[in-house]
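# Structure for the following, please:
(2 chains)
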Number of protein chains: 2
Amino acid sequence: MNLVLLLEEDWIEADCRVRLHGRRRRHVLEIHRARLGDELRVGRLDGAVGHGCITRVDEDAVEMEVRLDADPPPPLGITVVLALPRPPVLRRTLISLTSMGVKRIALLNADGVEKSFWQSRALDAEAVFEQCVLGLEQARDTRMPEVVLRKRFKPFAEDELEDWIAGGRAFVAEPARQPTPASALETPTLLAVGPESGWSSYELASLQRAGLERISLGIRPLRVETALPALLARLA
Amino acid sequence: MNLVLLLEEDWIEADCRVRLHGRRRRHVLEIHRARLGDELRVGRLDGAVGHGCITRVDEDAVEMEVRLDADPPPPLGITVVLALPRPPVLRRTLISLTSMGVKRIALLNADGVEKSFWQSRALDAEAVFEQCVLGLEQARDTRMPEVVLRKRFKPFAEDELEDWIAGGRAFVAEPARQPTPASALETPTLLAVGPESGWSSYELASLQRAGLERISLGIRPLRVETALPALLARLA
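Modelled structure (predicted):
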């Protein structure tokens, strides 16, 4: 982690001292090999970033004195609507999207989404939160994205999507012989990415009725994990 | 897999019939749920793409009659020089780079590369070949990339890199406050991406002496798996 994200329960003295347990304690000691007096980059969940100086190490925790004095990096102004991928891909994708600065993610059902994916523990609120923490720590960010689940495609596409687009530009990614030239793009508000098998024709028509334009990286079908960073980088 | 890649040993009648075993037989039967008479996309390793019609299914293999009549997608004209990542990341990265059409990859040592990474089975020629096959199958491509290992940074940077750049533009990726505007770029011949901890200052200076310009996606440090597709999409 390139930043230690400080959660509400970490503070033992308001705005100045924290006590870290578990994964973060181990990471600070074993990966950063930090010792008493060392400084680490820290940030308050949904708040400022700065430095923490290690003031105590014991069996159970690491304590730091914290000084927060800078803003986290600016968010990427792109909302992502993603057909729910299989659980291991979802975990990596949440880290990846969060690290790139995406702040609003809808996980959507589609014909090509296996029903069992919706039963996965990877969708539990704590599991989603954990992956997003990893993404924030990776990118030295603090602002937690909002991740919502939409198990029914139709009401989302027909009733809700318009509000999500909020008058901005919106794109749906599809392989096509010609990649969309970067010059044709401007920062959109929304990007929709289908299941690996693609959107059904009904789904694609619904998204286009809702105002989504087609965008393509070219003829190659890509894995979700590859396509998402590529599309965001192309659009940003 | 979006295409069944046909290897030399698959052909049982030159240019027209193949017999597939193991992973590809299982995938065709269990994931594609293909049956006698079904057509699948196929491609010959380093050759043309087309369709295969299933003419026989037995305990051991699937046979297809094959018609190859089209070119694989155009390659991405970007060589990637990558500080060797840890083995699971390497595996996913080879798939991802191959799926995006990269045809030349150098895996390079750097200060930030753990020595143990070089002992990994993921670097065995067969393991690298397998991951690249997965990437080609994903992107319906047939042209196998060349993957070379360079365990010594200095001779590569000082003696070899110039030939790799071959007079084109070359970039080294580094986080920076300002992302490099897409308009400042043109398709380069080479992109170098460091270890997650970054290049050492000596390494960065060597790369710059060899002619690499700095390029950035912004201030956020990204995982290799996220940064690579994003950089390639930005440059392509």
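# Just to check, residue A:113 is in contact with residue A:83?
Yes. If you go by CB atoms under 8 Å, residue A:113 and residue A:83 touch, sitting 5.5 Å apart. Just so you know, the C-beta spots here come from the backbone N, C-alpha and C atoms, and that holds for glycine as well.
# Overlap of the contact sets of the two?
residue A:195 (CB atoms under 8 Å, 6 or more residues apart in numbering or on different chains).
# Over to residue A:37. Which of the three states is it?
Following DSSP: H, G, I helix; E, B strand; the rest coil, residue A:37 is assigned to coil.
# show me the contacts for it.
By CB under 8 Å, 6+ apart, residue A:37 lies in contact with A:53, A:54.
# where does it fall, phi/psi-wise?
phi 90, psi -20 (degrees, to the nearest 10).
# per-residue confidence at it?
On pLDDT, residue A:37 comes in at 95.
# Which one's more surrounded, residue A:113 and residue A:83?
Ranked by neighbour count (other CB atoms under 10 Å in any protein chain shown), residue A:113 and residue A:83 place residue A:83 first, with 24 against 21.
# Isn't the more buried one up against residue A:193?
Yes. Counting by CB under 8 Å, residue A:193 is a contact partner of residue A:83 at 6.8 Å.
# Close to chain B: what parts of chain A are there?
Selection of chain A residues close to chain B by CB under 8 Å from any CB of the partner chain yields A:2, A:73, A:92, A:95-96, A:99-101, A:138-141, A:179, A:182, A:217-223, A:225-234, A:236.
# filter the residues you listed to the buried ones?
Buried positions within these, assessed by neighbour count (16 or more other CB atoms under 10 Å in any protein chain shown), are A:2, A:73, A:92, A:95-96, A:99-101, A:138-141, A:179, A:217-223, A:225-234, A:236.
# So which of those residues are in strands?
Using DSSP state E, no member of these sits in strands.
# Flag the shaky bits of chain A, pLDDT-wise.
A:183-186 (pLDDT under 70).
# Where does the record place the domain boundaries for it?
Using automatic domain parsing, the domain ranges for chain A come out as A:4-70, A:79-235.
# In space, what's closest to the residue positioned nearest the centre of chain A - neighbours in sequence excluded?
Chain A has residue A:98 as the residue nearest its centroid, 2.5 Å off, counting by CA atoms, centre = their mean. Leaving aside its chain neighbours, residue A:98 sits nearest to residue A:135 (2.6 Å; criterion: CB to CB, 6 or more residues apart in numbering or on different chains).
# List the buried residues of the helix or strand hosting the one you found.
Residue A:135 is located in helix A:125-139, with elements delineated by DSSP states H and E. Buried residues in helix A:125-139, counting neighbours by 16+ other CB under 10 Å, are found at A:127, A:128, A:130, A:131, A:132, A:133, A:134, A:135, A:136, A:137, A:138, A:139.
# The fifth one reaches residue A:144, doesn't it?
Yes. Between residue A:132 and residue A:144 a contact is recorded at 5.8 Å, counting by CB under 8 Å.
# anything in contact with each of those two?
With CB under 8 Å, 6+ apart, residue A:132 and residue A:144 have no common neighbours.
# what about residue A:46, how many neighbours?
12.
# these two touch, right, the residue nearest to the centre of chain A and residue A:136?
Yes. The criterion here is CB under 8 Å, and residue A:98 meets it with residue A:136 at 5.8 Å.
# Backbone dihedrals for residue A:210, please?
According to degrees, to the nearest 10, residue A:210 has phi -70, psi 0.
# do the same with residue A:9
Backbone geometry at residue A:9, expressed as degrees, to the nearest 10, gives phi -70, psi -10.
# measure it to residue A:206 for me?
42 Å (CB to CB, to the nearest Å).
# higher neighbour count, these two?
Neighbours per residue (other CB under 10 Å) separate residue A:9 from residue A:206, with residue A:206 holding more: 19 against 9.
# who does the helix or strand encompassing that one touch, helix- and strand-wise?
Of the helices and strands defined by DSSP H and E, residue A:206 is found in helix A:201-209. Using 3 or more CB pairs under 8 Å, 6 or more residues apart in numbering or on different chains; DSSP states H and E, the elements in contact with helix A:201-209 are helix A:153-155, strand A:170-173.
# how far is the first one from where the chain is centred?
If I follow you right, that is helix A:153-155. Remark: helix A:153-155 is offset 23 Å from the chain centroid, using CA atoms, centre = their mean, to the nearest Å.
# From the buried ones among the residues of chain A next to chain B, which land in helices?
A:92, A:95-96, A:99-100, A:138-139, A:225-234 (DSSP state H).
# give the contact list for residue A:73.
By CB under 8 Å, 6+ apart, the residues touching residue A:73 are A:101, A:139, A:140, A:141, B:218, B:219, B:220.
# just these now: which is nearest residue A:158?
Closest approach to residue A:158 among those (CB to CB): residue A:101, at 29.2 Å.
# unless I'm mixing things up, that closest one is touching residue A:142, no?
No. Residue A:101 lies out of contact with residue A:142 (CB under 8 Å); the separation is 11.4 Å.
# What distance do you get for residue A:29 to residue B:124?
Distance, residue A:29 to residue B:124, using CB to CB: 34 Å.
# Those two - which one has more neighbours?
residue A:29 (15 against 10).
# which residues sit in contact with that one?
Contacts of residue A:29 by CB under 8 Å, 6+ apart are A:57, A:62.
# Kindly report the same for residue A:167.
By CB under 8 Å, 6+ apart, the contact set of residue A:167 is residue A:189.
# Next: the one 4 residues further on.
When contacts are counted by CB under 8 Å, 6+ apart, residue A:171 touches A:188, A:190, A:191, A:192, A:212, A:213, A:214, A:215, A:231, A:235.
# If we use 6 Å, what do you get?
The contact partners of residue A:171, taken as CB atoms under 6 Å, 6 or more residues apart in numbering or on different chains, are A:188, A:191, A:213, A:215.
# between these, which is closest to residue A:35?
The closest of these to residue A:35 turns out to be residue A:191 (CB to CB; 43.7 Å).
# so that closest one sits in a helix?
No. Residue A:191 is assigned strand when assessed by three-state DSSP, not a helix.
# Could you double-check that it sits in contact with residue A:80?
Yes. Under the criterion of CB atoms under 6 Å, residue A:191 makes contact with residue A:80 at 5.5 Å.
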